[in-house]
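Q: Below is the sequence, then the predicted model.
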Amino acid sequence: MSDAVESSPTPRLLVVDDQPAVREILAAMLELEGYEVTSAASGIEGLALVRARRFDLVLLDVNMPGASGWSVLDHLEEIPGAPPVLMISDERYEDEAYRRGAGFLSKPYRRAAVHEAVARMLAA
């Protein structure tokens, strides 16, 4: 029998943002921290992924065409077992994110701020 302690599974994160560069930058930052990252280019795509797979955290842009981040957040609240959400936008939306029960990460991103916000949300 092995005395090795099983490590916990790698946290699975979903980045939802309509801007390809933002998705790529966030995914790269998060993957460097050891997270498994999936990206979605729209709120509709993000909702479909959450319904199909398990994620530990969703990083969700506020301003997207079609379904805004706020609309997606409302729909996520209706999905049993949906992961917590970290809204990403400029700081004018911070209070609204907290009021709606989400975390908040301000653009532009700094690697340390991304790491801290994600770690805090996963620990909660």
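A: In hand now; what should we look at? Numbering: from 1, shown residues only.
Q: Pass me the low-pLDDT residue ranges in this protein, would you?
A: The chain contains residues with pLDDT under 70 at 1-8.
Q: Please, where are all the helices along the protein?
A: In the chain, the helices defined using DSSP state H lie at 20-32, 43-52, 69-76, 94-99, 111-123.
Q: so which of the ones you listed is the most packed in?
A: Among the helices of the chain, the stretch with the highest mean neighbour count (mean count of other Cβ atoms under 10 Å) is helix 69-76, at a mean of 19. Glycine gets a C-beta too; all of them are placed from N, C-alpha and C.
Q: neighbours of the nearest residue to residue 30 once chain neighbours are set aside, just the number please.
A: Nearest residue to residue 30, sequence neighbours excluded (Cβ to Cβ, 6 or more residues apart in numbering): residue 37, at 4.9 Å. Counted with other Cβ atoms under 10 Å, residues neighbouring residue 37 total 20.
Q: what do you get for residue 15?
A: 26.
Q: Bridged to it, which residues?
A: Listed beta-bridge partners, residue 15: residue 39, residue 59 (assigned using DSSP bridges).
Q: how far away is it from residue 95?
A: Separation of residue 15 from residue 95 (Cβ to Cβ, to the nearest Å): 23 Å.
Q: Give me the neighbour count for residue 106.
A: 17.
Q: burial of the nearest residue to it once chain neighbours are set aside, as a residue count?
A: Excluding the flanking residues, the one nearest residue 106 by Cβ to Cβ, 6+ apart is residue 91, at 4.7 Å. Neighbourhood size, residue 91 [other Cβ under 10 Å]: 9.
Q: I'd like to know which of the helices of the chain is closest to residue 11.
A: helix 111-123 (5.6 Å; Cβ to Cβ).
Q: now what about that closest one, what contacts it?
A: Taking contacts as Cβ atoms under 8 Å, 6 or more residues apart in numbering, the residues outside helix 111-123 that touch it are 11, 13, 26, 29-30, 32-33, 35, 56-57, 59, 84, 86, 103-106.
Q: centroid residue for this protein?
A: Nearest to the mean C-alpha position of the chain, by Cα atoms, centre = their mean, lies residue 59 at 1.9 Å.
Q: Alright, that wraps it up for me.
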